Every structure is written in C-alpha cells, then in structure tokens.
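Engineer: One predicted model, sequence on top.
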Amino acid sequence: MALAAARRLLLHAGSRLGRREAVDGARRFANKRVLVETEGPAGVAVMKLRNPPVNSLSLECLTEFTISLEKLENDKSIRGVILTSECPGIFSAGLDLLEMYGRNPAHYAEYWKNVQELWLRLYTSNMILVSAINGASPAGGCLLALCCDYRVMADNPKYTIGLNESLLGIVAPFWFKDMYVNTIGHREAERALQLGTLFPPAEALKVGVVDELVPEDKVHSKARSVMAKWLAIPDHSRQLTKNMMRKATADNLIKQREADIQNFTSFISKDSIQKSLHMYLEKLKQKKG
Ligand SMILES: CC/C=C\CC/C=C/CC(=O)SCCNC(=O)CCNC(=O)[C@H](O)C(C)(C)COP(=O)(O)OP(=O)(O)OC[C@H]1O[C@@H](n2cnc3c(N)ncnc32)[C@H](O)[C@@H]1OP(=O)(O)O
C-alpha cells in the first residue's frame, strides 16, 4: 500500500520536474536513485542509476527504475534508452542483499514482485535499449544488461559481469537462466551458471555476454553510435521482431508469476539460505579489511 502511494507521488513529482526542465530544450527528470536525461530530436533518453555506493537494486531503487521506464515508454517521442551508471566503477551490484536477508516472508514476496515487474518491463520494452556498462555488473546487474538489445562494456579488467548467484549459495531463477541461455547458448550458460562465473571484459565478449568492448572513456559515445544505427530501423518492424524473439521467454514468467513469488519466498526464507547470505555479506565486509 505504502509503495503504491510512493509510486503515485513519484510519478506526479517526476512529471512536474520534467515539465519545468523542458524549457531548456534537453529534458530531465530525476528520482532519488535514477536520473533520466532526454536529448531532444534524436528521441534518446539516458538513464543513469545512482544508488551509491554500488547501485544495489533496493526496493526503492527498483520502484523508481520501473516508474522511470514507464514514463519513458509512455512518451511517444522517446525511441531509445541508454542505460548506464553514475556510480564510479560499478554498473550495478545486482539485487540488494539486505532486501533478501533477515526480513519476513511478506517483505520477500513484495520485493520479488517488484524484481519481476522491472524485468518484464525492461525485457519487453518497445524501446531500443543499449547498456553502457561502465563498471562491475554481477547477478542482477548483469540481468539489467542482458535485457538490453545491445551491450557496450568498458574494457577494464577490474570489471566483471555474469550471473554469480551460485557463489552466494542461491540459485538464479528460471527466467534469469532463460535469458542467459538466449544470449550465450545452453552449454555456456550451463557452465557459467553452475560456476557462478564473473567474466572479465575480454571473456564476456568472447562468450557473448556483451557485444562490444571499448576504452572506458568511450563507453558513452559508442553507446550513442550504436543507438543511431538501431534508430535507423523502422520502429514497427524492429518492435515486432523483438517481440517475436522475446515473447516466449517473457510469457514463461507471466504465466507463473505467483508461483515464482512463492518459490522465491520459501527458498530465501530457509535457514540454510539465510546462513549462506549471512556468510556472503560477512565476506564482503571482511574484504575491506
Ligand atoms: C529461487 C530464486 C532464489 C534466489 C534468487 C535471488 C537472485 C539474486 C540475484 C542477485 O543480484 S544477488 C546479488 C549479487 N551481487 C553480488 O554478488 C555483488 C556483491 N558485491 C560485490 O561483489 C562488490 O560489492 C562490488 C564488486 C559490486 C563492488 O566492490 P567495491 O567497490 O569494493 O565495494 P564493496 O564490496 O566494499 O561494497 C560497498 C558496500 O556495498 C555493499 N554491497 C555490495 N553489494 C551489495 C548488494 N548486492 N546488496 C547490498 N549491499 C551490497 C557492501 O556490503 C558494502 O557495504 P558496507 O556496509 O560494508 O559499506
């Protein structure tokens, strides 16, 4: 209930801000954790995640992200979105572990519903989505990138990308897996999911997790030039083609959303899984020394 009210407020506040800043030509609207800048005639918006320190996808962040996408989707002048991060060195650390640890089943269910919602909206978007991956991108961070039509990644060996859930003692849900298989093929996905592989850029390119590597300072300009190429295709044929390619994967979740929420809730509530998450969080803390 509280979240629905927050959502209404955000939509309203966002549209007021959007109107005010349209006076300058380039429009922008911002929530606390997501900044969206649209740049006039080209019909392209740049969406920046800014949930420091690591752009973890907290419930608030997911909600703001979903609302921002919804607004762009409803703005017929926007044809493409570049998804990137404002946090230095991090694209997104994925789902917020603190939303999945030490909470109650109702919270897990609410959180997962919102994860599903963002995924469905991103994966089935009619807009052209290009990710400018300017930092580490584990698990849910990789998921965001995989939803895009094209992935440009900074060629910095410190950054890795992949679905590493098994390293946390958890299991990637079937729809994460489906999208991985669609992107890199069954054999590679099978191996990478079991090992929880986080690919450095060169390997990510080789296996097909990303489409292109560029020097870090060129990620944004490359994403723009990729976008220009995709914008040259008529929307209706591109959209129908995208829908044809993605519908079965999206429908697979749509038809069992409630069961997937229940499955997540009971899995994540298990003592053994909570213990694994606790150990992983401790490991993250200790890393700092
Ligand atoms: C049936 C289905 C069941 C379950 C499916 C559930 C699916 C889950 C998918 C996910 O997305 S799970 C999340 C997976 N994410 C990760 O494994 C990433 C973990 N983080 C890192 O590896 C690193 O933090 C980083 C490479 C992203 C960044 O490294 P660095 O710049 O060195 O920062 P720190 O490690 O010092 O982290 C700063 C701060 O942030 C906290 N943090 C990091 N990641 C998360 C996260 N995903 N959620 C919440 N918080 C996170 C970290 O603990 C530090 O907190 P402090 O309080 O110690 O400052």
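Structural biologist: Ah, there it is.
Engineer: Contact residues of this protein facing the ligand?
Structural biologist: 53-54, 56, 90, 93-98, 136, 138-140, 164-165, 168, 170-171, 173, 263-264, 267-268, 284-285, 287-288 (C-beta under 6 Å from any ligand atom). C-beta coordinates here come from the backbone N, C-alpha and C atoms, glycine included.
Engineer: in the helix or strand harbouring residue 61, what's buried?
Structural biologist: For residue 61, the host element (DSSP states H and E) is helix 59-74. Neighbour-count burial for helix 59-74, counted by 16 or more other C-beta atoms under 10 Å, picks out 59-69, 71-72.
Engineer: centroid residue for this structure?
Structural biologist: Central residue of the chain (C-alpha atoms, centre = their mean): residue 144, 2.2 Å from the mean position.
Engineer: Name the helix or strand for it, please.
Structural biologist: Going by DSSP H and E, residue 144 is in helix 140-146.
Engineer: Just the buried residues of the next helix or strand after that helix, please?
Structural biologist: Counting by DSSP H and E, the next helix or strand C-terminal to helix 140-146 is strand 150-154. Neighbour-count burial for strand 150-154, counted by 16+ other C-beta under 10 Å, picks out 150, 151, 152, 153, 154.
Engineer: wait, which of those residues is closest to residue 252?
Structural biologist: Of all these, residue 252 sits closest to residue 151, with 22.2 Å by C-beta to C-beta.
Engineer: so that closest one touches residue 209, yeah?
Structural biologist: Yes: counting by C-beta atoms under 8 Å, residue 151 touches residue 209, with 7.4 Å between them.
Engineer: Find the residues that touch each one of the two.
Structural biologist: Here residue 151 and residue 209 share the contacting residues residue 145, scored by C-beta atoms under 8 Å, 6 or more residues apart in numbering.
Engineer: First-to-last residue distance for stretch 133-148?
Structural biologist: Counting by C-alpha to C-alpha, to the nearest Å, you get 11 Å between the two ends of stretch 133-148.
Engineer: circling back to that earlier point, show me what the helix or strand just after the helix holding residue 61 packs onto, helices and strands only.
Structural biologist: Counting by DSSP H and E, the next helix or strand C-terminal to helix 59-74 is strand 80-85. Contact here means 3 or more C-beta pairs under 8 Å, 6 or more residues apart in numbering; DSSP states H and E; on that basis strand 80-85 packs against strand 44-49, strand 128-133, helix 219-231.
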